[in-house]
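1. The sequence and its predicted three-dimensional model are supplied below.
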Amino acid sequence: MNASRIVAFSVLILVALWMLSGQFGNDAKTNDAKTNDAKMDVTETQKPEEVSKKLQSVRFETSLSEEIASDILINGQTKSSKFVNIVPKISGQITEIFVDEGNPLLKGQVILKIETNDLQARVNKDRELVNQKNIEYNAAKELKAKGFGSNTKFALARAELESARANLKISEINLRNREIKAPFAGFLEKLDVEVGSYINTGQNIGQIVDLNPISVIGFVNEKDIRKIKKGGAGFVTVIKDKEVQGEIIYISAMAENTTRTFKIEISIDNPDLTIVDGLTTKLRIPTTSVKAHKISPAILGLDDIGNVGLKLLDGENKVKFYPVEIIKDEADFMYVSGIPDSSKIITVGQEFVIDGQEVKPQEERIE
């Protein structure tokens, strides 16, 4: 009986082991099947472009260059074309003033008079002396011709006559100088004396300025100075946005030490004298036309060293940075040069891509 129990117990153990081995085998097969099914699902549902590296999307416009005038635009200031200080050539007391400060002057117009009593007396005295010396000279000349006079007396009489004539001329000039006149048409900018004032020879008593033509002074940077020629045209805007054409009459050969800019001067006609000294102006200097692209300032960017430029697409849809030069800057747009005549300019997404990066481009229409 004990033997039967042992046999039955052994059979029971074998059956249990057989059943357990079958269950584990099925679980392994089931797990393998699930793994294979998952791989099949991934392979079937995932698209090829998702498996490959994703490209940054950008938008671009195809821009064609156009010929535009490359104007140099700077600020300037008007300046009188010439001025002169009023300096008397004789001393004396002022007896009359004919023109007040700030009034226009004609060439040769009398501004003031200096007291002349002693000057007139000196002219009269010198004139009488000339007459006397002339008589003496003629007498000496006649005696010499007849052989009665010496060469020495004749030479002395001639010298005294010439000296008297010279003194008379000086006296007459001083008499004329009693009137101070305008040397050119302009404005009496200032007059620092009044009737009764005593003035001395060489004293600065006022100033006259010439406003026609009038000069406009501006400063051009070193990049543009080589584009400007003396004798070329320059346009000046002063009053109510009215543009007046003038001529470039001066270009400095040396740059300013602090600003590294070059001084230029444009002369413009001012017949009605409406443009005065010291006004702020806008200068426009045309240069040769250049090919440039019209763009929005918003798409400009900087490279690693701070150059201003644009990001373009090459033939392989890769980004390339081009430094540009701003030719003309308006309120809503600008013209730039430095890129090919036909360029694919990135207009959207340029801030998210770098030089040499391949992108996924989409073209948009230029409005």
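-> That came through, no problem. Numbers count the residues shown, from 1 in each chain.
2. Sketch out the low-pLDDT regions of this structure for me.
-> 1-53, 149, 365-367 (pLDDT under 70).
3. for it, which residue is closest to the average position?
-> Ile74 (3.1 Å; C-alpha atoms, centre = their mean).
4. Is that one in contact with Ile217, as I believe?
-> No. The pair Ile74 / Ile217 is not scored as a contact, 10.3 Å apart, by C-beta atoms under 8 Å. For glycine as for every other residue, the C-beta is placed from the backbone atoms N, C-alpha and C.
5. Against Ile339, how distant is Gly92?
-> Relative to Ile339, Gly92 is positioned 74 Å away (C-beta to C-beta, to the nearest Å).
6. Quick check: end-to-end length of stretch 310-321?
-> Terminal residues of stretch 310-321 lie 6 Å apart, using C-alpha to C-alpha, to the nearest Å.
7. Return the backbone torsion pair for Ser91.
-> phi -100, psi 150 (degrees, to the nearest 10).
8. separation between it and Lys294?
-> 70 Å.
9. Settle it for me: which of those two has more neighbours?
-> Lys294 (17 against 14; other C-beta atoms under 10 Å).
10. residues touching Ser70, list them.
-> Going by C-beta atoms under 8 Å, 6 or more residues apart in numbering, Ser70 touches Lys227, Pro286, Thr287, Thr288, Ser289, Val290, Ala292, Ile327, Lys328.
11. Give me the phi and psi for it.
-> phi -90, psi 90.
12. Make residue 1 into 130 and carry on from there
-> Fine by me, first position is 130 from now on; the one you just mentioned is Ser199.
13. Next, the buried residues of stretch 422-442.
-> His422, Lys423, Ile424, Leu429, Gly438, Leu439, Lys440, Leu441, Leu442 (16 or more other C-beta atoms under 10 Å).
14. Tell me who's in contact with the fourth one.
-> If a contact means C-beta under 8 Å, 6+ apart, then Leu429 has Val437, Gly438, Leu439, Val453 as its contacts.
15. Repeat that for the first one.
-> The neighbours of His422, taking C-beta under 8 Å, 6+ apart as the test, are Ser192, Leu193, Ser194, Glu195, Tyr464, Val465, Ser466, Ile468, Ser472, Ile474.
16. and the chain, what are its domains?
-> 131-180, 186-196+419-492, 200-239+312-416, 245-306 (automatic domain parsing).
17. what's the neighbour count on Ile223?
-> For Ile223, using other C-beta under 10 Å, the count is 19.
18. between the contacts of His422, which is nearest Ile226?
-> Checking the contacts of His422 against Ile226 by C-beta to C-beta gives Tyr464 as the nearest, at 57.6 Å.
19. so what secondary structure elements neighbour the helix or strand encompassing the closest one?
-> Using DSSP states H and E, Tyr464 sits within strand 463-466. Where contact means 3 or more C-beta pairs under 8 Å, 6 or more residues apart in numbering; DSSP states H and E, strand 463-466 is packed against strand 419-424, strand 454-458.
20. out of those strands, deepest packed?
-> Across the helices and strands packed on strand 463-466, averaging neighbours per residue (mean count of other C-beta atoms under 10 Å) puts strand 419-424 on top, at a mean of 20.
21. Given the next helix or strand after it, what are its sheet partners and their directions?
-> Remark: after strand 419-424, the chain's next helix or strand is strand 430-431, criterion DSSP H and E. Using DSSP bridges, strand 430-431 pairs in its sheet with strand 437-442 (antiparallel).
22. contact partners of the strand it pairs with?
-> Residues from elsewhere that reach strand 437-442, judged by C-beta under 8 Å, 6+ apart: 187, 189, 424, 428-432, 448-453, 455, 465, 467-469, 472-475, 479, 482, 484, 488, 490.
23. List the contacts of Glu446.
-> Not quite, residue 446 is Asn, not Glu. With C-beta under 8 Å, 6+ apart, Asn446 has these contacts: Glu487, Val488, Lys489, Pro490.
24. try 7 Å
-> Glu487, Val488, Pro490 (C-beta atoms under 7 Å, 6 or more residues apart in numbering).
25. coming back round to it: out of the contacts of strand 437-442, which are buried?
-> Buried residues within the contacts of strand 437-442, counting neighbours by 16+ other C-beta under 10 Å: 187, 189, 424, 429, 448-451, 453, 465, 467-468, 472-475, 479, 482, 488, 490.
26. Which of those fall in strands?
-> With DSSP state E as the criterion, strands contain 187, 189, 424, 448-451, 465, 472-475, 488, 490 from among the buried ones among the contacts of strand 437-442.
27. need those in CSV with distance to Leu297, can you?
-> Supplementary listing: those in CSV, determined by distance: C-beta to C-beta, whole Å:
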residue, distance to Leu297
Val187, 94
Phe189, 91
Ile424, 79
Val448, 91
Lys449, 88
Phe450, 85
Tyr451, 82
Val465, 75
Ser472, 84
Lys473, 90
Ile474, 85
Ile475, 89
Val488, 96
Pro490, 96
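28. tell me the two of those residues that are most distant?
-> Val465 and Val488 (21.6 Å).
29. What residues are bridge-paired with the closest residue to Asp443 other than its chain neighbours?
-> Of all residues not flanking Asp443 in the chain, Lys449 sits nearest, at 5.3 Å (C-beta to C-beta, 6 or more residues apart in numbering). For Lys449, the beta-bridge partners are Leu441 (DSSP bridges).
30. Do I have it right that Lys449 meets Asp432?
-> No. Using C-beta atoms under 7 Å, Lys449 is not in contact with Asp432; the gap is 10.9 Å.
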